[in-house]
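**Q** Let's see this in three dimensions:
(one chain, ligands or ions: 1)
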Amino acid sequence: MSKPFPSSMDFAGYNAPSRVECDIYDLVVEGQVPADIDGTWYRSIPDPQYAPMLGDDTYLSGDGMVSAFVFENGHVDYRMRYVQTDRWKHERKARRSLYGLYRNPYTDDPSVRGSAAGTSKGSRGVANTTPIFHGGRLLALKEDSRGWELDPITLETRGEWDYDGKLRSQTMTAHTRLDPENGELHFFGYEASGLATRDVSYCIADKSGSLVKEEFFEVPYCSMMHDFAVTKEHVIFPVFPTTADLARMKSGGAHWVWEPTKETFVGIMPRGASVKDIRWFRGPPTSAYHFMNAYTEGSKVHLDFGAGKVNPFPFIQQASGIQVQPGEAAGDYVRWTFDLARPSDRWEEYKLGPGGEMPRIAEKDFMVDYDVGYYQTYNPEAGPPLLCGPVGAGFNTMLRIEVKSGRITSLAVPPGMTIQEAVHIPSKKAGDEGYLAFVVDVHEKNLSEVWLVEAANLPKGPIARIHVPLRLRAAVHGNWVTAAELEGRKRAA
Ligand SMILES: [Fe+2]
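**A** The predicted model follows:
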């Protein structure tokens, strides 16, 4: 008998755990899926096997579930499987939850205490944040540990991936950065030498997936460094004041608290240089999770993202002893510009658009001067807030922004629906802006749809609605992999 899940925000309503592994052949499509869409959209969903051992927990602790929408000749198939991490296997065997507070191993059941990569108890990681495909490998990533490799077709788990034993960092970000020109994958890991350490690794894997660079440096304090950015000329490491403390963890406290007495730091180094060459900038406390893009223009480095006033996660706010009303945490969508020609350690901030999250751009624009980006926001005029995902109210509006002019177009879903992160799908037609696909949560029916829209024309609405006969618990991130990239990887099909 499995214990019931709590009725708290992270487990109630549309956030209720799903725990469904499935294959659905030929989803019902209303409208037309263009034949030039040929590939697989992978998504990572936190989905706990068992109710929290300590009575409650955050959404972000959920076991990693990887799903795949496979698009071929206008048809769409669906597959969903758990990532069979060490943690998943231990809990499966025990038929209950064995791990305590979010990323606090000192609160774990004695049977698994001491879990870590390379130990007999294995990794504590849940691999629930981002699926990436690089060097012929599909990896399920979460920043608390190394990646887990999956078969890209069957989604079977192959094992933890340490770059053939070369990776020293104990962790790997879920926000890697691909250089589409040369195929290099840039990534980092914070808490790289263990819990609450200030050590950060910076790594590059070449096009074939071989680790060709790994360097370590120290950040001013141990921070939840969720994302970073890379331009053709520079690497950018933002450090925001959501902080970890080992003594607090050892006494059974939270891994993360929001600590606004600390400044924000941003480290910038020339690409190809050493981490010894990082130059630090500093500014007021800010909270941010995802960078839309960054590029270098002469002596200036531009970084575009949704800036927040305070950490948005309720479980971190609670651990920090603060109460924030909905909407109070969000700031604007901004550009920070760092002028490397000036001796100042400050940046300039410019407003780009209304606050929002889950940014995407076309892969061709990664790391270079660009104009078009997409992100999501909650617009109260489009409908009352609905619970979906780890922050609380789900988004209901997709935005397309031209960052140079500030021109914005949008598409809101009807009241009663929320949207999950979009993926950008390139078109095979020259000059075409491509498509966006995103899961739409139909709360009243407790079901999901995928809306496919023309990226250049959001107000037109969906050109296809793909019906999923299930409620798809909110994913964190996803990525599009073309059929051509997957060619030759079908041996396990
Ligand atoms: Fe993220």
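**Q** any idea which helix or strand carries the closest residue to residue 389 other than its chain neighbours?
**A** Nearest residue to residue 389 in three dimensions, chain neighbours excluded: residue 474, at 3.9 Å (Cβ to Cβ, 6 or more residues apart in numbering). Placement of C-beta: from N, CA and C, glycine included. For residue 474, there is no host helix or strand (DSSP states H and E).
**Q** likewise residue 7?
**A** Applying DSSP H and E, one finds residue 7 in no helix or strand.
**Q** tally of neighbours for it?
**A** Residue 7: 10 surrounding residues under other Cβ atoms under 10 Å.
**Q** Please report the distance of it from residue 387.
**A** 12 Å (Cβ to Cβ, to the nearest Å).
**Q** Which residues are in contact with each of these two?
**A** With contacts defined as Cβ atoms under 8 Å, 6 or more residues apart in numbering, no residue is shared by residue 7 and residue 387.
**Q** need the contact list for the residue nearest to residue 389.
**A** Per Cβ under 8 Å, 6+ apart, neighbours of residue 474: 14, 15, 45, 59, 388, 389, 390, 394, 420, 441.
**Q** again, only this time at 6 Å
**A** 388, 389, 420 (Cβ atoms under 6 Å, 6 or more residues apart in numbering).
**Q** Export those residues as CSV, with columns for pLDDT, distance to residue 350 and neighbour count.
**A** Below are those laid out as CSV (pLDDT from 0 to 100; distance: Cβ to Cβ, whole Å; neighbours: other Cβ atoms under 10 Å):
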residue, pLDDT, distance to residue 350, neighbour count
388, 95, 31, 22
389, 95, 29, 23
420, 98, 29, 26
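**Q** Of these, which belong to strands?
**A** residue 420 (DSSP state E).
**Q** from the contacts of residue 474, which is closest to residue 101?
**A** Using Cβ to Cβ, residue 389 is the member of the contacts of residue 474 that sits closest to residue 101, with 20.3 Å.
**Q** Against residue 119, how distant is that closest one?
**A** Following Cβ to Cβ, the distance that separates residue 389 from residue 119 is 32 Å.
**Q** next one: residue 181
**A** Distance from residue 181 to residue 119, by Cβ to Cβ: 39 Å.
**Q** cool, and residue 272?
**A** 36 Å.
**Q** What are the boundaries of the helices in the stretch 351-493 of the chain?
**A** 483-486 (DSSP state H, counting those that start in this stretch).
**Q** Any regions of it where pLDDT drops low?
**A** For the stretch 351-493 of the chain, the stretches flagged by pLDDT under 70 are 488-493.
**Q** The stretch 151-300 of the chain: strands as residue ranges?
**A** 157-161, 177-178, 185-190, 199-205, 211-218, 229-230, 234-239, 242-244, 256-258, 264-270, 279-283, 291-297, 300-308 (DSSP state E, counting those that start in this stretch).
**Q** Might you list the low-confidence residue ranges for this protein?
**A** Ranges of the chain meeting pLDDT under 70: 488-493.
**Q** Can you tell me the SS state at the nearest residue to residue 27 once chain neighbours are set aside?
**A** Nearest non-adjacent residue to residue 27, counting by Cβ to Cβ, 6+ apart: residue 76, 4.7 Å away. Here residue 76 is strand, with the state taken from DSSP: H, G, I helix; E, B strand; the rest coil.
**Q** Residue 76 contacts residue 466, correct?
**A** Yes. Residue 76 is within contact range of residue 466, at 5.3 Å (criterion: Cβ atoms under 6 Å).
**Q** quick revisit: OK, contacts around the residue nearest to residue 27?
**A** Shown in contact with residue 76 (Cβ under 6 Å, 6+ apart): 27, 69, 466.
**Q** May I have the beta-bridge partners of the last one?
**A** When bridges are taken as DSSP bridges, the partners of residue 466 come out as residue 29, residue 450.
**Q** Count the neighbours of it for me.
**A** 24.
**Q** What is the neighbour count of residue 366?
**A** 20.
**Q** What distance do you get for it to residue 440?
**A** Taking Cβ to Cβ, one finds residue 366 at 27 Å from residue 440.
**Q** ditto for residue 483
**A** 25 Å.
**Q** and what of residue 107?
**A** For residue 107, the distance to residue 440 - Cβ to Cβ - is 37 Å.
**Q** More neighbours: which of these two?
**A** residue 440 (21 against 18).
**Q** What residues are bridge-paired with the more buried one?
**A** residue 419, residue 449.
**Q** That one touches residue 453, doesn't it?
**A** No. Applying Cβ under 6 Å, one finds residue 440 not in contact with residue 453, separated by 10.7 Å.
**Q** So which bits of the longest helix along the chain are buried?
**A** If you go by DSSP state H, the chain has its longest helix at helix 86-94. By neighbour count on 16 or more other Cβ atoms under 10 Å, the buried set for helix 86-94 is 86, 87, 88, 90, 91.
**Q** Please convert those residues to CSV, extending it with distance to residue 228.
**A** As requested, the buried residues of helix 86-94 are exported to CSV (distance: Cβ to Cβ, whole Å):
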residue, distance to residue 228
86, 27
87, 26
88, 28
90, 32
91, 32
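**Q** Quick check: of these, which lies closest to residue 3?
**A** residue 91 (12.0 Å).
**Q** How much space separates the closest one from residue 63?
**A** 8 Å.
**Q** for residue 364, same thing?
**A** Taking Cβ to Cβ as the measure, residue 364 falls 34 Å from residue 63.
**Q** Please apply the same query to residue 332.
**A** Counting by Cβ to Cβ - residue 332 and residue 63 are separated by 35 Å.
**Q** So these two - more neighbours on which side?
**A** residue 63 (24 against 17).
**Q** these two touch, right, that one and residue 49?
**A** Yes. Taking Cβ under 6 Å as the definition, residue 63 is a contact partner of residue 49 at 5.3 Å.
**Q** Quick check: residue 36 touching residue 428?
**A** Yes. Using Cβ under 6 Å, residue 36 is in contact with residue 428, at 4.1 Å.
**Q** Between these two, which is the more surrounded one?
**A** Remark: of residue 36 and residue 428, residue 36 carries more neighbours, 15 against 12, as counted by other Cβ under 10 Å.
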